[in-house]
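Visitor: kindly return the folded structure for what I paste below:
(one chain, ligands or ions: 1)
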Amino acid sequence: MSPLRRVWRWADDRLGISDVIWPVLTHLAPRDARWYYVFGTATLTTFMLQVITGIALALSYIPSTAEAYDTLQFITHQAPFGHMAQTFLMGSYKYPREMNWITGVLLFAVTVAMAFTGQLLRWDQTAVWSILVSAEIAARIPIVGPSLARFLLAGDTWGGQTLSRFFSFHVFWIPALIFAFVGAHVWLVLRHGISEPPKAGQPVDPRTYRAWYHATIRREGVPFFPDAAWRDAVFGAGLVIVVAALAVLVGAPELGQQPDPSLLASSPRPDWYLLWTFSLFALLPPSWENTFIIVGPAFAAIVLFLIPLWNRGERSPARRPWAVASVIAICLTVGTLWIAGITSPWSPDFAARPLPPTVVGTAGGPVELGARLFYDKGCEYCHAIAGYGGLRGPDLTTVGDRLTPAEMTWRILNGGANMPAFAGNLTPDQVDALIAFLKSRTAR
Ligand code: HEC
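Guide: Model prediction:
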């Protein structure tokens, strides 16, 4: 026996490579499972990519409030929405693969948690407001809410301790859960075998399915490696190239402003994958918000966990009109809300430009100073004057005709529904200048 072979024999005996790894690699897969079966490994590939880039990122990221903002580049998050919709549509969650679905749902939840905690690590203005908004949401949960919010913030308000806490969630706790769930998920895929492509008129019957599957796979199956794995490899490699190209060509998202608690006007917008929920809550009647914020996610979670109860019968989407209709309805709803979230007329316009001199009218004096404050203090994000500014609050083009200085002062100092109170943020002189400016906004 050649020395190389002897070394291999030894290693194989002690490590169990051909006993364990080889059978796993060559497990039989359905012969007609073709290109549309690559999404599972594709998700796994992007996860590995996240792990590797995440570790690289951790080399230079400093989880302190002073450094976080400067040291950060953000990684692209690949949410496995598509994979989930596909397994649902193909009925792959049916007997005996119910637990594959459940571990998949858990993976989905931790992926969202991962993306969300990652967003906070950017430690810019948006990140900090997002965390405050979510702590407020958590605080609305009955009974445990306030303690949960305190747990998230690591105190009564955000600060360095919040950042450390989210860093530990993001790099230790949630990844540990992800590894555990990925392990369970892959193990279950091996245990129950890859589901065969569904055929209409071939319902799943728990009494006969297993025997039928094993007989079929033994007769017609092909070893996963190399017969099926090459497609996964090609698709995975393509995906890595696309992600790398995006990183080079598009790059990391812009960081917002440094967090500053005195800046009242900010844009606590969630990242793209949750943008649709932002529209949902902006468009709901405010009185529904409380209920919806708690009941909505709980309802969604319960439905997702209960889906495997329908674990028998047809798997083919051609015979499951309700499954197809519900996926289409969800895509349309989320898509519409998402588009609304991008335009978001209800949201402050942070791109507003200072009012041009032709609109201000007077050069020098309190009116001009007021116009400058109107921009500097963020009023213009929410209020339009002569077409300049956001649409969140009432148009103030002719506010001088409508309100007395006392009414304006009261509103500015006290705020209102969706307007922050500026009492602590303006000196008496600044208030006078703002009033002088607003007083000059008349129709003539
Ligand atoms: C986050 C958005 C937002 C910002 C920033 C904001 N406002 Fe408002 N403002 C509103 C909303 C919304 C209302 C309506 C409040 C209500 O009716 O309770 C309002 C009402 C007003 C009104 C009364 C208008 C009317 O027609 O009744 C005045 C005057 C006003 N704001 C001035 C200002 C000034 C001056 C600033 C800056 C110092 C400012 N606002 C900043 C959203 C904002």
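Visitor: what is the helix or strand harbouring Leu246 packed up against?
Guide: Using DSSP states H and E, Leu246 sits within helix 229-249. For helix 229-249, the elements it packs on are helix 39-60, judged by 3 or more C-beta pairs under 8 Å, 6 or more residues apart in numbering; DSSP states H and E. For glycine as for every other residue, the C-beta is placed from the backbone atoms N, C-alpha and C.
Visitor: now the helices for the stretch 1-150 of the chain?
Guide: 3-15, 22-25, 39-60, 68-71, 81-89, 98-121, 125-139, 145-153 (DSSP state H, counting those that start in this stretch).
Visitor: weakest of these in terms of mean pLDDT?
Guide: Of all the helices of the stretch 1-150 of the chain, the minimum mean pLDDT falls on helix 68-71 (a mean of 44).
Visitor: so which of the helices of the stretch 1-150 of the chain gets nearest Thr291?
Guide: For those, the distance to Thr291 is smallest for helix 125-139, at 12.2 Å, taking C-beta to C-beta.
Visitor: and that closest one, what does it pack onto?
Guide: helix 98-121, helix 145-153.
Visitor: deepest in the core, which of those helices is it.
Guide: For the helices and strands packed on helix 125-139, the largest average neighbour count (mean count of other C-beta atoms under 10 Å) is found in helix 98-121, namely a mean of 20.
Visitor: dump the helices of the stretch 1-150 of the chain to JSON lines, plus distance to Arg165.
Guide: Listed next are the helices of the stretch 1-150 of the chain as JSON lines, based on distance: least, C-beta to C-beta, whole Å:
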{"stretch": "helix 3-15", "distance to Arg165": "39"}
{"stretch": "helix 22-25", "distance to Arg165": "38"}
{"stretch": "helix 39-60", "distance to Arg165": "16"}
{"stretch": "helix 68-71", "distance to Arg165": "13"}
{"stretch": "helix 81-89", "distance to Arg165": "28"}
{"stretch": "helix 98-121", "distance to Arg165": "9"}
{"stretch": "helix 125-139", "distance to Arg165": "10"}
{"stretch": "helix 145-153", "distance to Arg165": "8"}
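Visitor: which stretch among the ones you listed comes nearest Asn425?
Guide: Comparing the helices of the stretch 1-150 of the chain by C-beta to C-beta, helix 125-139 comes nearest, at 16.0 Å.
Visitor: would you mind writing the CA trace of that closest one as PDB?
Guide: Output in PDB follows, covering the C-alpha atoms of helix 125-139 (Å, rounded to 0.1, in the frame of the first residue of the first chain):
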ATOM      1  CA  GLN A 125     -29.200  58.600  12.900                       C
ATOM      2  CA  THR A 126     -31.600  56.200  11.200                       C
ATOM      3  CA  ALA A 127     -30.300  53.200  13.100                       C
ATOM      4  CA  VAL A 128     -30.700  54.900  16.400                       C
ATOM      5  CA  TRP A 129     -34.300  56.000  15.600                       C
ATOM      6  CA  SER A 130     -35.200  52.600  14.300                       C
ATOM      7  CA  ILE A 131     -34.100  51.000  17.500                       C
ATOM      8  CA  LEU A 132     -36.100  53.500  19.500                       C
ATOM      9  CA  VAL A 133     -39.200  52.800  17.400                       C
ATOM     10  CA  SER A 134     -38.800  49.100  17.800                       C
ATOM     11  CA  ALA A 135     -38.300  49.500  21.600                       C
ATOM     12  CA  GLU A 136     -41.500  51.500  21.600                       C
ATOM     13  CA  ILE A 137     -43.200  48.700  19.700                       C
ATOM     14  CA  ALA A 138     -41.900  46.100  22.100                       C
ATOM     15  CA  ALA A 139     -43.100  48.200  25.000                       C
END
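Visitor: can you list the buried residues in that helix?
Guide: 125-132, 134-135, 137-139 (16 or more other C-beta atoms under 10 Å).
Visitor: looking at those residues, which is nearest the ligand?
Guide: Distance ranking of those against the ligand, using C-beta to the nearest ligand atom, places Trp129 first at 12.0 Å.
Visitor: show me which residues of this structure sit near the ligand.
Guide: Residues of the chain lying close to the ligand by C-beta under 6 Å from any ligand atom are 265, 348, 377-379, 381-383, 392-394, 399, 402-403, 408, 411-412, 416-420, 422, 434, 438.
Visitor: same thing but at 8 Å, please
Guide: With C-beta under 8 Å from any ligand atom as the criterion, the chain comes near the ligand at residues 264-265, 348, 373-374, 377-383, 390, 392-396, 399, 402-403, 407-408, 411-412, 415-420, 422, 425-426, 434, 438.
Visitor: would you confirm that Tyr37 contacts Ala229?
Guide: No - using C-beta atoms under 8 Å as the test, Tyr37 is too far from Ala229 to be in contact (10.8 Å).
Visitor: neighbour count: these two, which is higher?
Guide: Remark: of Tyr37 and Ala229, Tyr37 carries more neighbours, 22 against 17, as counted by other C-beta atoms under 10 Å.
Visitor: from the ligand, how far out is Asn178?
Guide: In this structure residue 178 is Ile, not Asn. 37 Å (C-beta to the nearest ligand atom, to the nearest Å).
Visitor: how much space between that residue and Ala109?
Guide: From Ile178 across to Ala109, the span is 10 Å (C-beta to C-beta, to the nearest Å).
Visitor: which helix or strand lies directly C-terminal to the helix holding Leu246?
Guide: Next element after helix 229-249 (DSSP H and E): helix 275-283.
Visitor: can you point out the buried residues in that following helix?
Guide: 275-282.
Visitor: could you pull up phi and psi at Asp395?
Guide: phi -70, psi 130 (degrees, to the nearest 10).
Visitor: could you do Ala384 as well?
Guide: Torsion angles at Ala384 (phi, psi; degrees, to the nearest 10) stand at phi -90, psi 140.
Visitor: list the residues that contact the closest residue to it other than its chain neighbours.
Guide: Leaving out its chain neighbours, the residue that sits closest to Ala384 by C-beta to C-beta, 6 or more residues apart in numbering is Asp395, at 5.0 Å. Counting by C-beta atoms under 8 Å, 6 or more residues apart in numbering, Asp395 makes contact with 383-385.
Visitor: just the closest of these to the ligand, please.
Guide: Out of those, the member with the shortest distance to the ligand (by C-beta to the nearest ligand atom) is His383, at 5.4 Å.
Visitor: and the closest one, how many neighbours?
Guide: So His383, with other C-beta under 10 Å, has 24 neighbours.
Visitor: surely it touches Gly390?
Guide: Yes - taking contacts as C-beta under 8 Å, His383 lies within contact range of Gly390: 6.9 Å.
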